[in-house]
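S.K.: Build me a model from this:
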Amino acid sequence: MATARKTIQFALCIENTDAEDLEKGKVYQILANPKDKRSGFVRVIDDSDEDYLYPESYFAPLDLPSEVKQALLA
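M.R.: Below is the predicted model:
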């Protein structure tokens, strides 16, 4: 039986129009939530340390080694 693994995703903020809690050039954690799959939006932990939906176009996904992901989560 296969065990589901939680994939930790990160993205680089490339736009922050009307988003006070996002900073261009900063890396943010993306939360995967299949129940909250709204077209064109991603759930992000922003600078308020809360998670909110933002336009997907505000972010560029990053493919990071696990060591880097752990360092960002620390």
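
S.K.: tell me the pLDDT at P34?
M.R.: At P34, the model reports a pLDDT of 65.

S.K.: same check, this time on T17
M.R.: On pLDDT, T17 comes in at 93.

S.K.: burial count for it?
M.R.: 8 (other C-beta atoms under 10 Å). The C-beta positions use only the backbone N, C-alpha and C, and glycine is treated the same way.

S.K.: Validate this expectation: it resides in a strand.
M.R.: No: going by DSSP: H, G, I helix; E, B strand; the rest coil, the assignment for T17 is coil, not a strand.

S.K.: May I have the residues that are in contact with it?
M.R.: Neighbour list for T17: Y58 [criterion: C-beta atoms under 8 Å, 6 or more residues apart in numbering].

S.K.: what are the ranges of the helices in the chain?
M.R.: 66-73 (DSSP state H).

S.K.: middle-most residue in it, spatially?
M.R.: Central residue of the chain (C-alpha atoms, centre = their mean): I30, 2.0 Å from the mean position.

S.K.: How confident is the prediction for the residue nearest to it when sequence neighbours are not counted, by pLDDT?
M.R.: Nearest non-adjacent residue to I30, counting by C-beta to C-beta, 6 or more residues apart in numbering: Q9, 4.2 Å away. Model confidence at Q9, given as pLDDT, is 90.

S.K.: before we move on, the earlier item: so the residue nearest to the centre of the chain makes contact with D46?
M.R.: No: in this structure I30 lies outside contact range of D46 using C-beta atoms under 8 Å: 11.1 Å.

S.K.: before we move on, back to that, beta-bridge partners for the residue nearest to the centre of the chain, please?
M.R.: Assessed by DSSP bridges, I30 has beta-bridge partners Q9, V44.

S.K.: Report the contact partners of it.
M.R.: Going by C-beta under 8 Å, 6+ apart, I30 touches Q9, F10, A11, V42, R43, V44, F59, P61.
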